[in-house]
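Trainee: I'll drop the sequence and a predicted model, then ask my questions.
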Amino acid sequence: MASFNQVILIGNLTRDPELRVTPKGTSICQFGIAVNRTYKDEAGNAKEEVNFFDIEAWGKQGEVISKYMSKGRPIFVQGRLRQDTWDDKTTGQKRSKVKIVLEGFQFIGGREGGATQGGGASEENFDQASPVERSSPPPRQPSRSAPPPPQDNIDEDVPF
């Protein structure tokens, strides 16, 4: 049987990212995001629903997020769901929590200080970031050239 585990979210960080390092030297960054949804109820009143998600970013991705992100900043995340289970030390009951394991991300909005739109890694670090961490470069504007000069010898018998 086929299976699919994919999550894509855009939200704002609910706290500053927390970076830890495993005994083997692997970085783990943990942070949370809030995702808002606005809708109208049956009476036509605007309502807002907020969902909170815990996210875990491993390796270089976690290091970059920890370095450039802070509470309140928007981020696009892509990842998979993972359910952690454990025994509660005080009650002895089984507990579980679903987390998102980050597989890709993109910074959204301008950098603090107003430097650039779509900020990601800085220009000097851009080539050092992995493809998943890179922000998309701004779309190129079509070049605007002057219209061609008028032609004096235009054949008026064009059949269209």
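Mentor: Okay, I see it.
Trainee: pull out the buried residues from stretch 25-35.
Mentor: By neighbour count on 16 or more other Cβ atoms under 10 Å, the buried set for stretch 25-35 is 27-33. C-beta here means a position set from N, CA and C on the backbone, and glycine is covered the same way.
Trainee: show me those that map onto strands.
Mentor: 27-33 (DSSP state E).
Trainee: which among these gets closest to residue 58?
Mentor: residue 28 (5.8 Å; Cβ to Cβ).
Trainee: show the model's pLDDT score for the closest one.
Mentor: With respect to pLDDT, residue 28 has a value of 97.
Trainee: hmm, residue 17 and it touching each other?
Mentor: No. The criterion here is Cβ atoms under 8 Å, and residue 28 misses it with residue 17 at 10.4 Å.
Trainee: give me the common contacts of the two.
Mentor: 57, 62 (Cβ atoms under 8 Å, 6 or more residues apart in numbering).
Trainee: let me see the ranges of the helices in the chain.
Mentor: Along the chain, counting by DSSP state H, helices occupy 59-68, 123-126.
Trainee: any regions of this structure where pLDDT drops low?
Mentor: Across the chain, the ranges flagged by pLDDT under 70 are 111-160.
Trainee: where exactly do the strands run in it?
Mentor: Using DSSP E, strands in the chain cover 7-13, 18-21, 27-40, 46-58, 74-87, 94-107.
Trainee: of the helices of the chain, flag the one that's most buried.
Mentor: Compared across those, helix 59-68 shows the largest average neighbour count, a mean of 19 (mean count of other Cβ atoms under 10 Å).
Trainee: that helix - contacts with which helices or strands?
Mentor: strand 18-21, strand 27-40, strand 94-107 (3 or more Cβ pairs under 8 Å, 6 or more residues apart in numbering; DSSP states H and E).
Trainee: pull out the buried residues from the first one.
Mentor: Using 16+ other Cβ under 10 Å as the burial criterion, the residues of strand 18-21 that qualify are residue 19.
Trainee: contacting residues around the closest residue to residue 18 other than its chain neighbours?
Mentor: Distances taken as Cβ to Cβ, 6 or more residues apart in numbering put residue 30 closest to residue 18, at 5.0 Å, once the chain neighbours are dropped. Contacts for residue 30 (Cβ under 8 Å, 6+ apart) come out as 17-18, 20, 54-57.
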